[in-house]
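Enquirer: just to be clear, the model below is a prediction. Sequence and coordinates:
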Protein chains: 2
Amino acid sequence: MKLSVHGEYALRALLVLGTHYGEPVISIQTISDEQKIPKKFLEQILNDLKRTGAVESKRGIAGGYRLARDPKEITLAAVIRHIEGALAPISCVSERFYEKCSCPDEARCAIRNVMKEVREQIVKVMEKVTVAELCERSKRLAHEPVSALDYVI
Amino acid sequence: MKLSVHGEYALRALLVLGTHYGEPVISIQTISDEQKIPKKFLEQILNDLKRTGAVESKRGIAGGYRLARDPKEITLAAVIRHIEGALAPISCVSERFYEKCSCPDEARCAIRNVMKEVREQIVKVMEKVTVAELCERSKRLAHEPVSALDYVI
DNA sequence: GTGAATCTTGACTAAGTAAGTAGTTATTAC
DNA sequence: GTAATAACTACTTACTTAGTCAAGATTCAC
């Protein structure tokens, strides 16, 4: 049920680009430093994001990346779907990456029935949250006293 | 965000064992036939399930498997956690499989904040649904007319 | 134009996971 | 006690993931 680092890094990169939205471009180096992501690996990921149309790049000495669209219009669901594929826990309940599974009667499969619920819940959150929302949360969290934050051990 | 086949097969096997709850034991062969799961692969999975305490086995000529506990007490969450590990999409929001991630300030990480919501939603469904519930759904779905079922293409 | 900084592309690799196979051990009917 | 059946254990193969390396292309300051 896990997101790959690939997907996680993509979100982290978008968060950085989102907070600097409006500025010309941000270099890979800056993102890499800020989020502690291996630079060469990050290059690949930003390239993926570029192919999906989330970011655009500028080459050369003052080059870098920036969001290609309004951060309000980039949902986490869309990003993850492009980078990782299905959000659904099993592909027989995925709407965009549907694949038939081996169970004898898919339409009457109880597991599929449950997983459809899980999928809906995941999509509900990921579709709602945009890069803009992510940035707002980040800002809000930065101002909250540490005691108010909930740690998970 | 996907469940592995391992986890899926485990649930399918438990569904079979659940519907035959009360009977002495069910052989791997039967489960394999009923759910079209490669037999030898299924052996491994049932073995895993045995180690987690969900099923118990009987060897020899009339051997097989049966649920070790009341199907009402076996939640999908518990099964998947044992077979696959964390339900959470990233391990820094997992309660039982927590791992520190590389982000600079975990407590104030916006992505973590969102993923915590996703995790909660997943857990909510998976914790609620037990093997007994799965069997009921299966029975209910079997009796519904095909037209009432929603197909996903 | 030269050089330095940056993105771009592709191949490469090491490690881990998934899926499946083969052979072994225990139980019981006869 | 032997043979059949079924659980159990260990191993293999292929694929994916996470990350590196190297060479190339573009832009801009000077």
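Expert: Perfect, thanks for sending it.

Enquirer: excluding sequence neighbours, find me the nearest residue to the residue of chain A positioned farthest from its centre.
Expert: Relative to the centre of chain A, and counting by Cα atoms, centre = their mean, the farthest-placed residue is A:P104 at 34.3 Å. Excluding the flanking residues, the one nearest A:P104 by Cβ to Cβ, 6 or more residues apart in numbering or on different chains is B:K36, at 6.3 Å. In this view, the C-beta of every residue, glycine as well, is placed from N, C-alpha and C.

Enquirer: give me every residue that touches the residue farthest from the centre of chain A.
Expert: B:E34, B:Q35, B:K36 (Cβ atoms under 8 Å, 6 or more residues apart in numbering or on different chains).

Enquirer: ok, those residues vs A:V118, which is closest?
Expert: B:Q35 (20.0 Å; Cβ to Cβ).

Enquirer: wait, that closest one touches B:L11, no?
Expert: No: using Cβ atoms under 8 Å, B:Q35 is not in contact with B:L11; the gap is 9.9 Å.

Enquirer: comparing those two, which residue is more hemmed in?
Expert: B:L11 (24 against 20; other Cβ atoms under 10 Å in any protein chain shown).

Enquirer: close to chain B, is the longest helix seen in chain A?
Expert: When chain A is scanned for its longest helix (criterion: DSSP state H), the result is helix A:110-128. Yes: Helix A:110-128 lies within reach of chain B by Cβ under 8 Å from any Cβ of the partner chain, at A:110-111, A:113-118, A:121-122, A:124-126.

Enquirer: I'd like to know which of the residues you listed are buried.
Expert: Using 16 or more other Cβ atoms under 10 Å in any protein chain shown as the burial test, the residues of helix A:110-128 next to chain B include A:A110, A:I111, A:N113, A:V114, A:M115, A:K116, A:E117, A:V118, A:Q121, A:I122, A:V125, A:M126 as buried.

Enquirer: can you give me the pLDDT of the fourth one?
Expert: Which is A:V114. pLDDT recorded at A:V114 is 94.

Enquirer: that one contacts B:V125, doesn't it?
Expert: Yes: with contact defined as Cβ under 8 Å, A:V114 reaches B:V125; the gap is 6.9 Å.

Enquirer: below-threshold pLDDT in chain A: ranges please.
Expert: For chain A, the stretches flagged by pLDDT under 70 are A:145-153.

Enquirer: what about the strands in chain A?
Expert: Using DSSP state E, the strands of chain A run over A:55-58, A:64-67.

Enquirer: minimum distance to DNA strand D: which of those has it?
Expert: DNA strand D lies closest, by Cβ to the nearest atom of the strand, to one member of the strands of chain A: strand A:55-58, at 6.8 Å.

Enquirer: direction included, what does the closest one pair against?
Expert: Using DSSP bridges, the strands paired with strand A:55-58 are strand A:64-67 (antiparallel).

Enquirer: residues in contact with the partner strand?
Expert: A:13-14, A:17-18, A:20-21, A:23-28, A:30-31, A:46, A:49-50, A:54-58, A:74, A:131.

Enquirer: filter those residues down to the ones in helices?
Expert: A:A13, A:L14, A:L17, A:G18, A:I28, A:T30, A:I31, A:L46, A:L49, A:K50, A:V131.

Enquirer: can you redo these as TSV with neighbour count?
Expert: Formatted as TSV, the ones in helices among the contacts of strand A:64-67 follow (neighbours: other Cβ atoms under 10 Å in any protein chain shown):
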residue	neighbour count
A:A13	25
A:L14	27
A:L17	27
A:G18	23
A:I28	19
A:T30	15
A:I31	25
A:L46	22
A:L49	25
A:K50	14
A:V131	26
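
Enquirer: burial measure for A:R119, as a count.
Expert: 23.

Enquirer: pretty sure it contacts A:S91?
Expert: No: using Cβ under 8 Å, A:R119 is not in contact with A:S91, being 10.4 Å away.

Enquirer: identify the residues contacting A:G63.
Expert: Taking Cβ under 8 Å, 6+ apart as the test, what A:G63 contacts is A:V25, A:S27, A:S57.

Enquirer: how about A:H143?
Expert: Counted by Cβ under 8 Å, 6+ apart, A:H143 has zero contacts.

Enquirer: which parts of chain A sit against DNA strand C?
Expert: A:25, A:27-29, A:40, A:43-44, A:46-47, A:50, A:57-65 (Cβ under 7 Å from any atom of the strand).
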